[in-house]
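Asks: 3D, please:
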Amino acid sequence: MDRPIAKEIAWVAAGGALGAAIRHGTNQLVFEILGESRFFIATSIENILGCFFIGVIYTLLSRRTVKYRNLNLFLLTGVIGSYTTYSGFMADNLLLFAESIPLLLMYAFSQLIVGLIAVMTGIGLMKKYYS
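Replies: Alright, predicted model coming up:
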């Protein structure tokens with residue numbers, strides 16, 4: 001192995017700490033505005049913004065002739081990886097499953113579709129403005 005794994009873990013951990021803090025801030029902002037009973041809205045916002053920024057950052061980093069592995073680990077794996085939340089999404093789905101199957105299906109599919117649109121929008125914007 002030619003890359004020191006400890007340094008890679010440090011980059012991911014630093015980004016993860018930042019992403020988790022931003023996620024907590026997003027949760028608190030949404031709860032402050034809408035109340036804690038609307039917790040799934042915070043998860044939706046985090047995942048959709050995460051998808052958009054994954055598209056933006058991935059496109060920017062992949063267009064570079066010099067590959068920025070540490071920046072990739074910090075931003076994509078660390079920051080965005082900890083900001084977005086698949087487990088939170090699944091917890092929301094579990095709660096909605098107990099409440100309403102139609103609401104569960106609407107939530108789950110809308111998240112997938114809007115997330116895909118968000119990542120494609122991020123990629124499209126970067127290709128348009130940085131091609």
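Asks: secondary structure element for the spatially most central residue of the chain, which one?
Replies: With distances taken as CA atoms, centre = their mean, Gly50 lies nearest the centre of the chain, 2.7 Å away. Taking DSSP states H and E as the criterion, Gly50 maps to helix 39-62.
Asks: check the offset of that helix from the chain's centre.
Replies: Distance of helix 39-62 from the chain centroid (CA atoms, centre = their mean, to the nearest Å) equals 4 Å.
Asks: give me the contacts around that helix.
Replies: 23, 26-27, 30-31, 34, 67-68, 71-72, 75-76, 80, 83-85, 88-89, 92, 95-96, 107, 111, 114-116, 118-127, 130 (CB atoms under 8 Å, 6 or more residues apart in numbering). C-beta coordinates here come from the backbone N, C-alpha and C atoms, glycine included.
Asks: quick check: ChimeraX command selecting the buried ones in the residues you listed.
Replies: Buried subset of those, written as a ChimeraX selection, criterion 16 or more other CB atoms under 10 Å:
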select :23,26,27,30,72,75,76,80,83,84,85,88,89,92,96,107,111,115,118,119,122,123,126
